[in-house]
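>>> Sequence plus predicted model, see below.
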2 protein chains.
Amino acid sequence: MSVTTLHRPTHRDALSALSAAFERGELVTVFGRCTVDYDGRAASSLGPGDRLLILKPDGTALVHTDEQRTPVNWQPPGSEHRAAVRDGRLRVRSVRGNPDERLDVRFERVDQVSALPVTGGRSVDVYGSEEDLRQEILDDPDLVEPGFEPAATERQTAAGPVDLFGHDDEGRPVVVELKRRRVGPDAAGQLGRYVEALSREVPDGTEVRGVLVAPSVTDRARELLAEKGLSHVPLAPPAESSTAADTAASGDGGEPTTVGDSSSEPEDGAD
Amino acid sequence: MSVTTLHRPTHRDALSALSAAFERGELVTVFGRCTVDYDGRAASSLGPGDRLLILKPDGTALVHTDEQRTPVNWQPPGSEHRAAVRDGRLRVRSVRGNPDERLDVRFERVDQVSALPVTGGRSVDVYGSEEDLRQEILDDPDLVEPGFEPAATERQTAAGPVDLFGHDDEGRPVVVELKRRRVGPDAAGQLGRYVEALSREVPDGTEVRGVLVAPSVTDRARELLAEKGLSHVPLAPPAESSTAADTAASGDGGEPTTVGDSSSEPEDGAD
DNA sequence: GCCTAGGTCCCGTTA
DNA sequence: TAACGGGGCCTAGGC
């Protein structure tokens, strides 16, 4: 029910702990000196070093070094973890099909094995997404342009679903592509594909307009939009969406301690 | 020099361990009941639960639950980690600028704090990348089409750098876009942009051809290619690039133990 | 610093 | 199942 940790276990003991933890549906961390080999969509191999292996009960495997947000090697959810002792070393193998992929982590030394009973919420609602931008516009269509009237979201076309479809103040069909952040040439191309597809579904001679709603666009994207006769409306998702969690900075309780890069700035409790 | 672990430490002791570990440049894991709040490019908040927090000396912060490869919350490298005890609870705050972002993890209970001295290689060479595909073609240009002659890689155009540029057996300019895996409409659009840009840099009337080299393309992508007069050459990166690490399956040493989803298959030592 | 595109992208949704 | 597009994408390489 609580955390189980083995320090410098034998490889056999580490194996036992691993197996037991997984039967309990717990998350497992293994730290020690290991090599990592991956073969699947691509292939890689990593020489000996001390790294952190994380095994999740959903089949996820992560190998982390002391740098980067991205694991140096991994296996996605749905994989099957197997552990064994081979040649006196703990070997953790994570395998999946479709595509066929295999990750092998071979420990020559195990410093720590921990079994962590994870509970509680695992999904976050994120504010500031493209969906929030859509809602913002549906609440006030004039943000796109005066007289704009939304007709459908996710309207299907031969080129795929259009974020927002409607008509302008003169009744012309308008395709709106939404982006939560600054966009490059790809977004202009995407909008262009939708406009072209819709142009073919509409009576000959009917002009279909295209509007890219995004906080900003790069120069190249702007050129592309101009070439294709598309326009850009600068608009960002709302900063907050009702629920905020910003009630800090009250009451002391201990001097903050800076860790990591020792900044030269003076420390104080604020912010 | 080795692993340091605290079990059920007080919040103050956890704080001390954290600070000490970071001064030693070690990776830190914290497991316990916590809430997580993020505010930056977007915003989110996560209610109480038992989760694994990983703090790297390069400024990376990861909050993992028992599911998914992607952390439920995080902070990219370059952030600054600070820890403090507020209202009797351990609070880890990770902040960065450009963009301004903040991650707060507040523990109401700390089950374990570990400091892990990570060493050894942290970067992998991956085989099967787009670069390997390029090399494959440079070694044998006929793979694109008989008589194809490469002239430049990363050739600059107004629309950006072209993966591979050359001429066909009749001397016509050819733009080659490389993809390591099956591609969709976006790749067709990308190639189209390059072809169009190059057409403008070339004498009037000179036809610029476009070739998409990829293992396969989706139906929609195929249609787009056809519309734009572009072609597809089915070709994948080489399966292996000299260095292989596949010498397992020799010698027993212990019965493999299946952990995780208990598969009904009989276990044996092979593969 | 921004821009551009690749990635073992991951991930959810829909046809 | 495959395909398509979003993502706090992350990350590397240029300019």
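Yes, it's here.
>>> State the number of residues packed around A:A152.
When neighbours are counted by other C-beta atoms under 10 Å in any protein chain shown, A:A152 registers 11. Placement of C-beta: from N, CA and C, glycine included.
>>> Now do the SS call for the nearest residue to it once chain neighbours are set aside.
Excluding its sequence neighbours, the residue lying closest to A:A152 (C-beta to C-beta, 6 or more residues apart in numbering or on different chains) is A:F165, at 4.8 Å. A:F165 carries the three-state label strand when classified by DSSP: H, G, I helix; E, B strand; the rest coil.
>>> A:F165 pairs with what?
With DSSP bridges applied, A:F165 shows beta-bridge pairing to A:A152, A:V175.
>>> For the lengthiest helix in chain A, list the C-alpha coordinates in CSV.
Scanning chain A for the helix with the most residues, using DSSP state H, yields helix A:185-199. Listed next in CSV are the C-alpha coordinates belonging to helix A:185-199 (Å, rounded to 0.1, in the frame of the first residue of the first chain):
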residue,chain,number,x,y,z
PRO,A,185,3.8,28.0,-43.6
ASP,A,186,2.1,24.7,-42.7
ALA,A,187,-1.0,26.3,-41.3
ALA,A,188,-1.3,28.5,-44.5
GLY,A,189,-1.1,25.3,-46.6
GLN,A,190,-3.7,23.6,-44.4
LEU,A,191,-6.2,26.4,-44.7
GLY,A,192,-5.5,26.6,-48.5
ARG,A,193,-6.4,22.9,-48.8
TYR,A,194,-9.6,23.3,-47.0
VAL,A,195,-10.6,26.3,-49.1
GLU,A,196,-9.8,24.6,-52.3
ALA,A,197,-11.8,21.5,-51.3
LEU,A,198,-14.8,23.5,-50.3
SER,A,199,-14.6,25.5,-53.5
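>>> now the angle between helix A:185-199 and the helix or strand following it, please.
Using DSSP states H and E, the helix or strand that follows helix A:185-199 in sequence is strand A:209-214. Taking axes from the mean of the first three to the mean of the last three C-alpha atoms, to 10 degrees, strand A:209-214 and helix A:185-199 form an angle of 150 degrees between their directions.
>>> Tell me the strands beside strand A:209-214, with direction?
Strand A:209-214 sits in its sheet next to strand A:173-178 (parallel), strand A:231-234 (parallel), going by DSSP bridges.
>>> contacts for that strand?
A:133, A:137, A:144-145, A:168, A:172-183, A:187-188, A:191-192, A:194-195, A:225, A:228-236 (C-beta atoms under 8 Å, 6 or more residues apart in numbering or on different chains).
>>> go with 6 Å
A:172, A:174-179, A:183, A:191, A:195, A:230-233, A:235 (C-beta atoms under 6 Å, 6 or more residues apart in numbering or on different chains).
>>> Now the buried members of these.
For the contacts of strand A:209-214, a neighbour count by 16 or more other C-beta atoms under 10 Å in any protein chain shown gives the buried set as A:174-179, A:183, A:191, A:195, A:230-232, A:235.
>>> Now for those residues: which two are most distant?
Within the buried ones among the contacts of strand A:209-214, A:V195 and A:L235 form the most distant pair, 18.9 Å apart (C-beta to C-beta).
>>> tell me, how many neighbours does A:L90 end up with?
Neighbours around A:L90, by other C-beta under 10 Å: 28.
>>> Secondary structure element for it, which one?
strand A:89-96.
>>> Tell me which other helices or strands that strand touches.
Using 3 or more C-beta pairs under 6 Å, 6 or more residues apart in numbering or on different chains; DSSP states H and E, the elements in contact with strand A:89-96 are strand A:80-86, strand A:101-116.
>>> Nearest to B:L27, out of those strands?
Across the helices and strands packed on strand A:89-96, B:L27 has its closest neighbour in strand A:101-116 (11.8 Å, C-beta to C-beta).
>>> Quickly list what A:T35 is bridged to.
In beta-bridge terms (that is, DSSP bridges), A:T35 pairs with A:R106.
>>> Can you give me the pLDDT of it?
pLDDT for A:T35: 97.
>>> That one reaches A:V105, doesn't it?
No - the pair A:T35 / A:V105 is not scored as a contact, 7.5 Å apart, by C-beta atoms under 6 Å.
>>> neighbour count winner among the two?
Ranked by neighbour count (other C-beta under 10 Å), A:T35 and A:V105 place A:V105 first, with 25 against 20.
>>> Please name the bridge partners of the residue lying closest to that one once chain neighbours are set aside.
In space, and not counting its chain neighbours, A:V105 is closest to A:V92: 4.6 Å by C-beta to C-beta, 6+ apart. On the basis of DSSP bridges, A:V92 is bridged to A:A83, A:V105.
>>> quick one: A:V92 and A:A83 touch, right?
Yes - if you go by C-beta under 6 Å, A:V92 and A:A83 touch, sitting 5.1 Å apart.
>>> sec struct for the closest residue to A:R41 other than its chain neighbours, please.
Spatial nearest neighbour of A:R41, chain neighbours left out: A:P99 (5.6 Å); criterion: C-beta to C-beta, 6+ apart. Recorded secondary structure, A:P99: coil (three-state DSSP).
>>> tally of neighbours for A:P99?
Neighbourhood size, A:P99 [other C-beta under 10 Å]: 8.
>>> same check, this time on A:E145
15.
>>> go on, A:E207?
By other C-beta under 10 Å, 12 other residues sit near A:E207.
>>> give the contact list for it.
Counting by C-beta under 6 Å, 6+ apart, the residues that A:E207 touches are A:R172.
>>> And A:H167, how far from DNA strand D?
21 Å (C-beta to the nearest atom of the strand, to the nearest Å).
>>> Also A:A43?
Per C-beta to the nearest atom of the strand, A:A43 is found 18 Å from DNA strand D.
>>> Next: A:A187.
To DNA strand D, A:A187 is 7 Å away according to C-beta to the nearest atom of the strand.
>>> gap between the residue lying closest to that residue once chain neighbours are set aside and chain B?
In space, and not counting its chain neighbours, A:A187 is closest to A:K179: 5.6 Å by C-beta to C-beta, 6+ apart. Distance of A:K179 to chain B, computed by C-beta to the nearest C-beta, to the nearest Å: 13 Å.
>>> what does A:E196 give?
Distance, A:E196 to chain B, using C-beta to the nearest C-beta: 9 Å.
>>> if we look at DNA strand D, which of the contacts of strand A:209-214 are close to it?
For DNA strand D, the contacts drawn from those by C-beta under 7 Å from any atom of the strand are A:177-179.
>>> Reformat the buried ones among the contacts of strand A:209-214 into JSON lines and put pLDDT and distance to B:R24 next to each item.
Below are the buried ones among the contacts of strand A:209-214 laid out as JSON lines (pLDDT from 0 to 100; distance: C-beta to C-beta, whole Å):
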{"residue": "A:V174", "pLDDT": "98", "distance to B:R24": "59"}
{"residue": "A:V175", "pLDDT": "98", "distance to B:R24": "56"}
{"residue": "A:V176", "pLDDT": "98", "distance to B:R24": "53"}
{"residue": "A:E177", "pLDDT": "98", "distance to B:R24": "49"}
{"residue": "A:L178", "pLDDT": "98", "distance to B:R24": "47"}
{"residue": "A:K179", "pLDDT": "98", "distance to B:R24": "43"}
{"residue": "A:V183", "pLDDT": "98", "distance to B:R24": "43"}
{"residue": "A:L191", "pLDDT": "98", "distance to B:R24": "51"}
{"residue": "A:V195", "pLDDT": "98", "distance to B:R24": "57"}
{"residue": "A:L230", "pLDDT": "98", "distance to B:R24": "55"}
{"residue": "A:S231", "pLDDT": "98", "distance to B:R24": "55"}
{"residue": "A:H232", "pLDDT": "98", "distance to B:R24": "50"}
{"residue": "A:L235", "pLDDT": "98", "distance to B:R24": "47"}
